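J.: What would the 3D arrangement of this be:
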Amino acid sequence: MNARAAGLACFLLAMSAPASAVEPSAADLVAKNLAARGGASALAAINALQFDGKFIAPGDFQLTYHEVRARGGAGGDRVRDDLSVQGLTVVQAYDGQSAWKINPFQGRKDAERMSTDEARAQADAALIDGVLLASLRDGSTVRYLGREDFDGTNAYKLQVRQKDGDQYDYLLDPDTFLEIRATETRQVRGAQTVTDYEYGDYEKVGGVYFPMAIDSWQPTQPGQRVRILIASAVANPKVDPASFAQPGGSAARAAPAAPDASEQKPSQTPQPPQPTTPASPAKSSPAH
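T.: Numbering: from 1, shown residues only. Predicted structure coming up:
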């Protein structure tokens, strides 16, 4: 076979190879996810979000769910979740710099400052863009880990490792390029905690797709799922900036927080995460 014939044969072989043999890069997949969500312009036009629905804890314990997120300044996006039942309301909030909570189910009616580790988790949950798309600008490292089967779907797997060491593994639907599952791994008070999420029922809000159904659970207790079902969502609602601030002002903010992984040496052996209960509802997923 002469050189010309050999070259033609190689060309024909390349043309006949299935398109799926060429795997995308991490950057390709993030770009496809951004386009699938609605595009950069539509996402940038959303300065605030409001979600209303219900929060279903294990045992079918249901609370009304109200979440507001708003873009912030240098401190980052802000979020507040209100979960109510029988006149009692659990509040979890992040003001762009620190996080706080009110949990009357534990007999506490005053606002308490969260630990630094808990605040990092709330900061991720506050992101309007979500952790995956926020990686385009926040210095996170994104890697493509190949394909992984999820309920018969040959999903793309991306890993986002944030600068503080927290990690998210995402599965993207190969047809829509939207997130269908995530695993969050972080250090909380010296122990590794892992939370799994599933996303579904995507709907457009302000021209951008967000999941209206979010399940979360800890792998050691797969039967203890928490579910958030969104009934209505609004882009750019009127938001009171003061609603994110911890009641009590500077005095409350100065109260000592519980020690966390930034203040003590992490344990050598990861400890199993504590079960999610109605008294301490899981934070909202950072992806929706």
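J.: use CA for all of it now, contacts and neighbours both
T.: Noted.
J.: Stretch 237-247: how far from the chain's middle?
T.: In terms of Cα atoms, centre = their mean, to the nearest Å, the centre of stretch 237-247 is set 21 Å apart from its chain centre.
J.: go on, stretch 76-88?
T.: Distance of stretch 76-88 from its chain centroid, counting by Cα atoms, centre = their mean, is 17 Å.
J.: Now it: buried residues?
T.: Within stretch 76-88, the residues that count as buried by 16 or more other Cα atoms under 10 Å are Gly76, Asp77, Arg78, Val79, Arg80, Asp81, Asp82, Leu83, Ser84.
J.: Return the alpha-carbon coordinates of it using PDB.
T.: What follows is stretch 76-88, C-alpha atoms only, in PDB (Å, rounded to 0.1, in the frame of the first residue of the first chain):
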ATOM      1  CA  GLY A  76     -20.900  36.600  48.100                       C
ATOM      2  CA  ASP A  77     -24.500  35.600  47.500                       C
ATOM      3  CA  ARG A  78     -27.000  35.500  50.400                       C
ATOM      4  CA  VAL A  79     -29.700  33.000  51.300                       C
ATOM      5  CA  ARG A  80     -32.400  32.500  53.900                       C
ATOM      6  CA  ASP A  81     -34.600  29.400  54.400                       C
ATOM      7  CA  ASP A  82     -37.800  29.500  56.500                       C
ATOM      8  CA  LEU A  83     -39.400  26.100  57.300                       C
ATOM      9  CA  SER A  84     -42.600  26.300  59.200                       C
ATOM     10  CA  VAL A  85     -45.200  24.000  60.900                       C
ATOM     11  CA  GLN A  86     -47.800  24.600  63.600                       C
ATOM     12  CA  GLY A  87     -46.600  28.100  64.300                       C
ATOM     13  CA  LEU A  88     -42.900  27.200  64.700                       C
END
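J.: Mind listing residues that contact that stretch?
T.: 55, 62-72, 89-97, 104-105, 122-123, 125-128, 243-244, 284 (Cα atoms under 8 Å, 6 or more residues apart in numbering).
J.: Among these, the buried ones, what's the PyMOL command?
T.: Those of the contacts of stretch 76-88 that count as buried under 16+ other Cα under 10 Å are selected in PyMOL with:
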select buried, resi 55+62+63+64+65+66+67+68+69+70+71+72+89+90+91+92+93+94+95+96+97+122+123+125+126+127+128+244+284
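J.: residue ranges for the helices of this structure, please.
T.: With DSSP state H, the ranges of helices along the chain come out as 3-16, 26-37, 40-44, 116-126, 131-134, 249-253.
J.: what packs against the fourth one?
T.: With contacts taken as 3 or more Cα pairs under 8 Å, 6 or more residues apart in numbering; DSSP states H and E, helix 116-126 sits against strand 78-85, strand 88-94, strand 99-102, strand 179-188.
J.: can you list those in CSV and add mean pLDDT?
T.: Formatted as CSV, those follow (pLDDT from 0 to 100):
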stretch, mean pLDDT
strand 78-85, 98
strand 88-94, 96
strand 99-102, 96
strand 179-188, 95
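J.: Could you dump those into JSON lines with distance to Arg137 added?
T.: Formatted as JSON lines, those follow (distance: least, Cα to Cα, whole Å):
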{"stretch": "strand 78-85", "distance to Arg137": "17"}
{"stretch": "strand 88-94", "distance to Arg137": "20"}
{"stretch": "strand 99-102", "distance to Arg137": "23"}
{"stretch": "strand 179-188", "distance to Arg137": "19"}
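J.: which one of those strands lies closest to Ala26?
T.: Closest approach to Ala26 among the helices and strands packed on helix 116-126 is made by strand 179-188 (14.0 Å; Cα to Cα).
J.: The closest one versus helix 116-126: what angle between them?
T.: Relative orientation of strand 179-188 versus helix 116-126 (axes from the mean of the first three to the mean of the last three Cα atoms, to 10 degrees): 160 degrees.
J.: Quickly run through the sheet partners of strand 179-188, with directions.
T.: strand 167-172 (antiparallel), strand 191-205 (antiparallel) (DSSP bridges).
J.: Ala119 touches Ser98, doesn't it?
T.: Yes - between Ala119 and Ser98 there is a contact under Cα atoms under 8 Å: 5.8 Å.
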